[in-house]
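Q: With the input below, show me the fold.
(chains A and B)
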2 protein chains.
Amino acid sequence: MSLSFCFIGAGNLATHLAQIIQQKVGPVIQVYSRTRESASDLATKLQTSFTISPESITREADIYFVALKDSALHEVLRKVDLKNKLLVHCSGSLPLSVLNCYSENTGVLYPLQTFSKNRRPDFSTIPVFIEANSENNGKILVQIASAISSKVSVLDSGKRKSLHVAAVFASNFVNHFYTLAADYLDSQHISFEVLHPLILETALKAREMSPEKAQTGPAVRFDRNIIDAHLDKLDKFPKMKELYNSITTSIFERHQNK
Amino acid sequence: MSLSFCFIGAGNLATHLAQIIQQKVGPVIQVYSRTRESASDLATKLQTSFTISPESITREADIYFVALKDSALHEVLRKVDLKNKLLVHCSGSLPLSVLNCYSENTGVLYPLQTFSKNRRPDFSTIPVFIEANSENNGKILVQIASAISSKVSVLDSGKRKSLHVAAVFASNFVNHFYTLAADYLDSQHISFEVLHPLILETALKAREMSPEKAQTGPAVRFDRNIIDAHLDKLDKFPKMKELYNSITTSIFERHQNK
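A: Numbering: from 1, shown residues only, chains lettered A, B, ... in the order given. Reported below is the predicted structural model:
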């Protein structure tokens, strides 16, 4: 397989995906981003060229990866003529069909992970989900994905969106609760660092036993004394108090019903 | 320091704490639990004796650890005459003063971690918070705690309760979101395992950068298209839908205000 790539988008996901693809599959011959800084940063990492004008996107690549915010995708792709090259997006929430009007060869390669610019992910352990509009395009994408990850599956748009919803709960919402805990500790002049071992252990436990079985704390046994004491503590934090109430109820109901 | 211990309670925390204390500090000469099975299990692990009758709790130990559910504490301690031996509880939410009527020497040793029977914790990295009713009792407890952990701090009851509230957000509530994600994936016939790398990475990121900076996903940029698509997906899951709405709003407001 000797394939060349163009990356449309240079955010966190594109930054890591482009590097691993160049390392494991084939050269990234151009990077596009709306902002010069992002485009130049990623192009430097890849030792390749970049553009900030959609009209100047190369026609020479074999495969085009679009890793843009979902809302920006159409704005950019409308201005590009890809001559039916294989066009691939990386979004959990968008269906394959959003690419229909831009190429006759389309696909999705969705790595299920949270990417930050300064943390290099171990791609080999990241589940990658593939969808394509033809058997042949599917084969090409499975080959590419298998070169970077050992956990490749084929998944349709509907199920990919379900997966994305679950990921929002297990990652975005979880991180928000870390943030609320950090804000609250800050107001009490206690360092957030003391929670690090607890946060890590909570995540590790979910790998070893079902999270249902791992549930501990006052909510699951509806320990009214502790719950009330906690609510007292949150008197000056009305939004946290509201969430405390609704999630405590949700935990209790979930474990009553089983 | 040559001290002997009695453990009143044989739950997850007591099981791990008693073992590390016997290993690092001094012998546990007796275990009490309301249920024969728990008492016997822990006593076997410690190669020591046990009782299930509060009236038969030994008077020979130097230090008594109470690791009972907060609601059961008074029920048991009322039946024991500890002759003013050092009596220590391990609860994040209870003040030191709950022990006042049972001994003139009281303290708290609170390890900030989630304990499960079958996962052996690395105590050396667990933050341990100490409180005592006298300087001397405080010294003894700091010595004991320092033998099992490298992260020992003195913290009063009010701040310990704050810490416990933060821990509920960062661990109990987080685990509930894992559970909701697992339930939802189960309904879509997708294995929860695919979320393991995401869950671990989300936890690891919170150690390297502030969770505020680590926040990603549709809520923080209030991407209405994705949010609406996710809410559609949750039409048959009204409770998850309600939480999705309230937490999405909370994330957006939190990041608007900074």
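Q: Please identify which helix or strand holds residue A:30.
A: Using DSSP states H and E, residue A:30 falls within strand A:28-32.
Q: mind listing what residue A:158 touches?
A: Shown in contact with residue A:158 (C-beta atoms under 8 Å, 6 or more residues apart in numbering or on different chains): residue A:95. To be clear about C-beta, it is placed using only N, CA and C from the backbone, and glycine gets the same treatment.
Q: Could you look up the SS state of it?
A: What DSSP: H, G, I helix; E, B strand; the rest coil gives for residue A:158 is helix.
Q: before we move on, back to that, I'd like to know which elements the strand holding residue A:30 is packed against.
A: In terms of contacts (3 or more C-beta pairs under 8 Å, 6 or more residues apart in numbering or on different chains; DSSP states H and E), strand A:28-32 is packed against strand A:5-8, helix A:12-24, helix A:36-46, strand A:49-51.
Q: orientation of it relative to helix A:36-46 in degrees?
A: In terms of direction (axes from the mean of the first three to the mean of the last three C-alpha atoms, to 10 degrees), strand A:28-32 departs from helix A:36-46 by 170 degrees.
Q: Let's have the helices and strands packed on strand A:28-32 in CSV, adding distance to residue A:210, mean pLDDT and mean neighbour count.
A: CSV is the format used below for the helices and strands packed on strand A:28-32 (distance: least, C-beta to C-beta, whole Å; pLDDT from 0 to 100; neighbours: other C-beta atoms under 10 Å in any protein chain shown):
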stretch, distance to residue A:210, mean pLDDT, mean neighbour count
strand A:5-8, 38, 98, 27
helix A:12-24, 29, 96, 20
helix A:36-46, 40, 97, 17
strand A:49-51, 46, 97, 17
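Q: between the ones you listed, which one is nearest to chain B?
A: helix A:12-24 (7.8 Å; C-beta to the nearest C-beta).
Q: Give me the helices and strands touching the closest one, please.
A: Applying 3+ C-beta pairs under 8 Å, 6+ apart, we find helix A:12-24 packed against strand A:5-8, strand A:28-32, helix A:36-46, strand A:63-66, helix A:135-148.
Q: mind checking how far residue A:233 is from chain B?
A: Going from residue A:233 to chain B by C-beta to the nearest C-beta, to the nearest Å gives 5 Å.
Q: swap in residue A:221?
A: Between residue A:221 and chain B the distance is 8 Å, computed by C-beta to the nearest C-beta.
Q: residues in contact with that residue?
A: Shown in contact with residue A:221 (C-beta under 8 Å, 6+ apart): residue B:69.
Q: Once you drop chain neighbours, what's closest to residue A:84?
A: residue A:104 (4.5 Å; C-beta to C-beta, 6 or more residues apart in numbering or on different chains).
Q: One more: residue A:227?
A: residue A:218 is the one closest to residue A:227 (C-beta to C-beta, 6+ apart), at 5.3 Å.
Q: What of residue A:155?
A: Spatial nearest neighbour of residue A:155, excluding adjacent residues (C-beta to C-beta, 6+ apart): residue A:129 at 4.2 Å.
Q: In stretch A:201-215, which of the residues would be classed as buried?
A: A:201-207, A:211-212, A:214-215 (16 or more other C-beta atoms under 10 Å in any protein chain shown).
Q: shouldn't residue A:60 be in contact with residue A:29?
A: Yes: counting by C-beta atoms under 8 Å, residue A:60 does reach residue A:29; the two are 6.3 Å apart.
Q: In terms of neighbours, single out the busier of those two.
A: Set residue A:60 next to residue A:29 and count neighbours by other C-beta atoms under 10 Å in any protein chain shown: residue A:29 wins out with 17 against 10.
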